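# my questions concern the predicted model and sequence given below.
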Amino acid sequence: MKNGKYLVGVVGAGGIGRYHIEGWKKLNDVIVFGIADTNASVIETVSKKYEIPVAVRDYKNLIEIEEIDIIDVCTPNSFHYPVTIAALKSGKHVLCEKPLAIKSIHVEKMIQAAKENKRKLMAAQNNRFSYAGKMTKKIIDNGELGEIYFAQCYALRRRELPAADTFIKKELSGGGPMFDIGVHILDIAYWFMGCPKVHSVKGVMFTKLAKNKGITGAWGQWDTEKYEVEDFAAGFVLFKDGRALNLTCSFLSNLPSNWSAYLYGTKAGIIWPEMKLFSELNGMHKDSTLTPIVQENEPSHHIEIKEFLECVKTGKEVLVKPEESLEVIKILEAMYISHEKKREVLF
Ligand SMILES: NC(=O)c1ccc[n+]([C@@H]2O[C@H](COP(=O)([O-])OP(=O)(O)OC[C@H]3O[C@@H](n4cnc5c(N)ncnc54)[C@H](O)[C@@H]3O)[C@@H](O)[C@H]2O)c1
């Protein structure tokens, strides 16, 4: 801390890192004190634009600054683990982008390091902080939908493949759309269902379009020969209590984009994030769309940052518990194992 303000260091100042910096800068009692990025031109541009005093290439030089309270990890997925572990061991609280890590064993070690050093750790699952996310959870917890016995989850992009190495090189990303965007929908649906214990997982992966010569996407051009991850994935999760969830994800597909979770409840169903509610009244269908009375204009990423800081200040439990993220990563990991071995993976 410095002059009563919390000091934040952001590791990885690319697309989402900059968005996080903007979120931190909105908070009166925070100073974005430093950034670390392996790319020299990134640290120069970003530190100048946001007036950040410390800009280094090696994250260890940022973490070793004693006054820094919080490290925000916004690197490609594979660096989440080493950066988070180093930060927690140096006594920093850590907000880390999703997926929390690319291996469940890494998440276990992150949780252990957070406990041993008595520091907060949270995966930046921003959808949980969105208005539709929070309201859907409230509706479910109030019992309005009855029991949610099945969730159908879609993270489908038709021609929106993020063209950077961060997303298409397996050693950096850990996987394709199942890891990159499936993690969002899986996390929120799993949370909506009350984070049940997993019984088994079945997954399939395809790379049918991304390596085609001449294929293009709305988010830039990738090298089709260097593309290493799946471009489409689907999976099924059976929970120990008999409920279930399925998940379909793509960067590229020949069907429309779709970003939603269909929650099947015994009293009513809801489609998140559209907030379309389906029920029955006197033998008739009763369908409605829920809309907020007071508009929430704050982006979910920035609400997440604000609420994480509140947990650091007050000791309150974080909304995305690391143990829940561990189960999510175990499910994703099992999807890839299931695909490779062509069988169901039992938990
Ligand atoms: N929650 C969301 O909505 C959301 C959206 C986009 C990305 N993400 C996540 O954020 C992370 C970064 O994605 P992005 O889109 O910003 O990628 P990006 O490629 O735009 O930025 C990553 C940055 O990290 C830097 N970097 C790479 N290795 C590093 C290291 N070892 N130390 C320090 N810096 C390093 C790169 O130079 C780059 O500037 C990923 O984990 C991704 O899954 C989350």
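Received the coordinates, thanks. From a predicted model like this one, the values you see are computed outputs, not experimental measurements.
# need the residues of the stretch 51-200 of the chain near the ligand, please.
Taking CB under 6 Å from any ligand atom as the contact definition, the stretch 51-200 of the chain meets the ligand at 59, 74-77, 79, 97-98, 124, 126, 164, 166, 180. The C-beta positions use only the backbone N, C-alpha and C, and glycine is treated the same way.
# go with 5 Å
59, 75, 77, 79, 97, 126, 164, 166 (CB under 5 Å from any ligand atom).
# now go through the residues you listed and say which are in helices.
The members of these that map onto helices under DSSP state H are 59, 166.
# want to throw the residues of the stretch 51-200 of the chain next to the ligand into CSV with pLDDT?
Shown next, in CSV, are those (pLDDT from 0 to 100):
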residue, pLDDT
59, 98
75, 97
77, 95
79, 97
97, 98
126, 98
164, 91
166, 90
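# nearest to residue 149 among the residues of the stretch 51-200 of the chain next to the ligand?
Nearest to residue 149 out of those is residue 126 (CB to CB; 26.9 Å).
# looking at it, that closest one is touching residue 298, isn't it?
No - with contact defined as CB atoms under 8 Å, residue 126 does not count as touching residue 298 (11.1 Å).
# comparing those two, which shows the higher neighbour count?
Neighbours were counted for residue 126 and for residue 298 using other CB atoms under 10 Å; residue 126 has more, 24 against 15.
# enumerate every residue touching that one.
By CB atoms under 8 Å, 6 or more residues apart in numbering, the residues touching residue 126 are 299, 300, 301, 303, 304.
# repeat that for residue 197.
By CB under 8 Å, 6+ apart, the contact list for residue 197 reads 239, 240, 241, 347.
# and if we set it to 10 Å?
The neighbours of residue 197, taking CB atoms under 10 Å, 6 or more residues apart in numbering as the test, are 239, 240, 241, 327, 347.
# hmm, which of these are the buried ones?
Neighbour counting over those (16 or more other CB atoms under 10 Å) leaves 239, 327 as the buried ones.
# so of the contacts of residue 197, which ones are in strands?
Residues of the contacts of residue 197 located in strands (DSSP state E): residue 239.
# number of residues surrounding the residue of the chain found nearest the ligand?
Proximity of the chain to the ligand (CB to the nearest ligand atom) peaks at residue 14, 1.8 Å away. Number of residues near residue 14 (other CB under 10 Å) recorded here: 16.
# do you know the pLDDT at it?
At residue 14, the predicted lDDT confidence score is 96.
# list the contacts of it.
With contacts defined as CB under 10 Å, 6+ apart, residue 14 is in contact with 37, 39, 42, 46, 74, 75, 76, 164, 166.
# need the buried ones from those selected in ChimeraX.
Command for ChimeraX that selects the buried part of those, burial taken from 16+ other CB under 10 Å:
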select :37,42,46,74,75,76,164,166
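# what about the longest helix seen in the chain, near the ligand?
Assignment by DSSP H gives helix 322-341 as the longest helix of the chain. No - against the ligand, helix 322-341 shows no contacts by CB under 5 Å from any ligand atom, the least distance being 12.4 Å.
# please export the C-alpha coordinates of that helix as PDB.
C-alpha atoms of helix 322-341 as PDB (Å, rounded to 0.1, in the frame of the first residue of the first chain):
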ATOM      1  CA  PRO A 322     -11.100 -21.300  -6.400                       C
ATOM      2  CA  GLU A 323     -12.400 -24.700  -5.500                       C
ATOM      3  CA  GLU A 324     -15.200 -24.200  -8.000                       C
ATOM      4  CA  SER A 325     -12.700 -23.200 -10.700                       C
ATOM      5  CA  LEU A 326     -10.800 -26.400  -9.800                       C
ATOM      6  CA  GLU A 327     -13.900 -28.500 -10.700                       C
ATOM      7  CA  VAL A 328     -14.400 -26.500 -13.900                       C
ATOM      8  CA  ILE A 329     -10.800 -27.100 -15.000                       C
ATOM      9  CA  LYS A 330     -11.100 -30.800 -14.000                       C
ATOM     10  CA  ILE A 331     -14.100 -31.100 -16.300                       C
ATOM     11  CA  LEU A 332     -12.400 -29.300 -19.200                       C
ATOM     12  CA  GLU A 333      -9.300 -31.500 -18.700                       C
ATOM     13  CA  ALA A 334     -11.500 -34.600 -18.700                       C
ATOM     14  CA  MET A 335     -13.100 -33.500 -22.000                       C
ATOM     15  CA  TYR A 336      -9.700 -33.700 -23.800                       C
ATOM     16  CA  ILE A 337      -8.800 -37.000 -22.100                       C
ATOM     17  CA  SER A 338     -12.100 -38.400 -23.100                       C
ATOM     18  CA  HIS A 339     -11.600 -37.300 -26.700                       C
ATOM     19  CA  GLU A 340      -8.100 -38.800 -26.800                       C
ATOM     20  CA  LYS A 341      -9.100 -42.100 -25.300                       C
END
